[in-house]
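**Student:** quick one, structure for this:
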Amino acid sequence: MPDDAGPACALQGTPLAAALPGINACVHCGFCLQACPTYLALEDENESPRGRIFLMRSLLEGTVTPNDESVRTHIDRCLGCRACETACPSGVPYGQLLEATRATLREAELPPAAARIILWVFSHPALMRIAMFASRLLAATPIPTIMSKISGRAGFGMAMLASAGSPLERDAYFCEGDGKRGTSSVLLGCVMEGLFTETNRATERVLTKNGYQILDAPGQGCCGALHAHAGDLETARKLARVNIAAFERSPADFISVNAAGCGAMMREYEHLLKDDADWRDRAAAVASRVRDVSELLSAAGPIPGGRMPLRVTYDAPCHLVHAQRITLPPLAVLAAIPGLELIPLRDSENCCGSAGIYNLIEPETSDAVLAPKLENIAETGASFVATGNPGCLMQIGAGLLRSGSRARAIHPVDLLDASYAMQQQ
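**Tutor:** Now for the predicted structure:
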């Protein structure tokens, strides 16, 4: 490379080297600092998007190496919430840069054993179903609630399990629709179908009631988000191809997703497979059909339900508000419930600290990010915290349970479904 082109790349042929245009887009203005939860919690420039992008550039220039423990620490501590993308005036694709960096670091050293085991289980459908079944059985007992009082990560893990599923009981009801809004398949997901099964069924019911005909998409599986965020891009691509093929077989107009992280991943399948000529266009076609469930419901109205005099606050999942830039549709879902009092949540767009498996791998930083979220929720006096992502539901739910709060986390779709159930009484 000529001298006037800058220093030679020390990591040629790596995912990070391919991401150099995104790195060059950063002008180091600092707008990202106050949007970054780890910077706010740890007050360290290296724990900010700007600081991490500097480390990425340093890796490419060879002034630090992939084996540098401090580099790995700062990159690992990133939540990947992508709030910096919302704040960035230069359009830096930080989420893509982070995945490329982690993929490059992974080539030098594998992630911790706990992360590898979790990702391995989620990449094998049979093992994942067994794990989810066992977790669901345990969650149905009092054990997780009792053990949630144990200090440390074990207690928090039990609290997360105790928070799985919908905390709002409702009577079963039959839902019949005319399909005038079109057809939709539903991404069943891993944790959603495994631990939030009733939320998936509620998703199907409320879409049907609002004029969508639900079509099955057999053969679908994990979306690959956990693997992509951890830098295991090859496994993420394999899982994406499985889903692309499955949803290609479904003639549905839309693919409805009720997990913000999964929706963001599926919408970026084209980028994930950009170097695969056989799958790139197919990925783009499937991605174009993906909609968050709140988008489809908002487009349909949604139809008002029965009266539910509840105090509810809304927490915006990072991958819904920052990655997908969806803000108003979830509020429209909640507004369709007569009697529901929606109380604004301070800093509702800030991360809760879940970030996939982050809360299991970086528990101390995760707790530091969650703490202000719990304080803000307490300010509202709400009985329910509505949020549309399983990780957020379990992270916030666990924090509420361990803090002694009587508030509970719930998916907005579960609230609307319960409201419709009341109309059947």
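**Student:** report the contact partners of the residue nearest the centre of the chain.
**Tutor:** The centroid of the chain falls nearest to Gly261 when counting by CA atoms, centre = their mean (2.5 Å). Counting by CB atoms under 8 Å, 6 or more residues apart in numbering, Gly261 makes contact with Ala225, Pro317, His319, Gly356, Asn389, Gly391. In short, each C-beta sits where N, CA and C put it, glycine included.
**Student:** give the buried residues for the host helix or strand of Asp281.
**Tutor:** Under the criterion of DSSP states H and E, Asp281 resides in helix 280-287. The neighbour-count criterion (16 or more other CB atoms under 10 Å) identifies Arg280, Arg282, Ala283, Val286, Ala287 as the buried residues of helix 280-287.
**Student:** can you name the element that comes right after it?
**Tutor:** If you walk from helix 280-287 toward the C-terminus, the next helix or strand you reach (DSSP H and E) is strand 290-292.
**Student:** quick one on the thing from earlier: could I get the phi/psi values of the residue nearest to the centre of the chain?
**Tutor:** phi -60, psi -40 (degrees, to the nearest 10).
**Student:** all further residue positions should be reported with the first residue as 20.
**Tutor:** That works, and once the first residue is 20, the last one we named lands at Gly280.
**Student:** per-domain residue ranges of this structure.
**Tutor:** Under automatic domain parsing, the residue ranges defining each domain of the chain are 22-127, 132-171, 201-316, 320-442.
**Student:** can I get stretch 419-426 in CSV, CA atoms only?
**Tutor:** Once non-C-alpha atoms are left out, stretch 419-426 reads as follows in CSV (Å, rounded to 0.1, in the frame of the first residue of the first chain):
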residue,chain,number,x,y,z
LEU,A,419,-37.7,-6.3,39.7
LEU,A,420,-38.1,-9.6,41.5
ARG,A,421,-34.8,-9.4,43.3
SER,A,422,-35.4,-5.8,44.3
GLY,A,423,-38.7,-6.7,46.0
SER,A,424,-40.7,-4.7,43.5
ARG,A,425,-44.3,-5.8,42.9
ALA,A,426,-44.1,-4.6,39.2
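**Student:** ok, residues contacting stretch 206-219?
**Tutor:** Outside of stretch 206-219, the residues within contact range by CB under 8 Å, 6+ apart are 141, 147-148, 150-152, 154-155, 158, 180, 183-185, 205, 236, 239-242, 262, 274-278, 281-282, 285, 409-410, 412-413, 430, 432-433.
**Student:** could you tell me which of the residues you listed belong to helices?
**Tutor:** Judged by DSSP state H, helices contain the following of the contacts of stretch 206-219: 141, 147-148, 150-152, 154-155, 158, 180, 262, 281-282, 285, 409-410, 412-413, 432-433.
**Student:** chain neighbours aside, what residue packs nearest to Phe73?
**Tutor:** Taking CB to CB, 6 or more residues apart in numbering, and ignoring the residues beside it in sequence, Phe73 has His47 as its nearest neighbour in space, at 7.7 Å.
**Student:** before we move on, what about Ala181?
**Tutor:** Closest residue in space to Ala181, ignoring its immediate chain neighbours: Pro163 at 3.8 Å, by CB to CB, 6+ apart.
**Student:** so the spatially closest residue to Gly198 that is not a sequence neighbour, which of the three states?
**Tutor:** Taking CB to CB, 6+ apart, and ignoring the residues beside it in sequence, Gly198 has Gln232 as its nearest neighbour in space, at 3.5 Å. Look at Gln232: counting by DSSP: H, G, I helix; E, B strand; the rest coil, its state is strand.
**Student:** which ones are touching Gln232?
**Tutor:** With contacts defined as CB under 8 Å, 6+ apart, Gln232 is in contact with Gly196, Gly198, Gly201, Thr202, Ser203.
**Student:** most neighbours out of those residues, which is it?
**Tutor:** Across the contacts of Gln232, neighbour numbers were computed from other CB atoms under 10 Å; Ser203 holds the maximum, 25 neighbours.
**Student:** what's opposite that one in the beta bridge?
**Tutor:** Here Ser203 sits in beta bridges with Ile233, Phe273, going by DSSP bridges.
**Student:** contacting residues around it?
**Tutor:** Leu226, Tyr231, Gln232, Ile233, Leu234, Ala271, Asp272, Phe273, Ile274, Ser275, Arg310, Leu315.
**Student:** select only the buried ones of those in PyMOL?
**Tutor:** Command for PyMOL, covering only those of the contacts of Ser203 found buried under the criterion 16+ other CB under 10 Å:
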select buried, resi 226+231+232+233+271+272+273+274+275+310+315
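**Student:** dump the contacts of Ser203 into CSV; add pLDDT and distance to Arg121 as well.
**Tutor:** CSV is the format used below for the contacts of Ser203 (pLDDT from 0 to 100; distance: CB to CB, whole Å):
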residue, pLDDT, distance to Arg121
Leu226, 97, 35
Tyr231, 97, 37
Gln232, 96, 40
Ile233, 96, 36
Leu234, 96, 36
Ala271, 96, 33
Asp272, 97, 35
Phe273, 98, 31
Ile274, 98, 27
Ser275, 98, 29
Arg310, 98, 28
Leu315, 98, 32
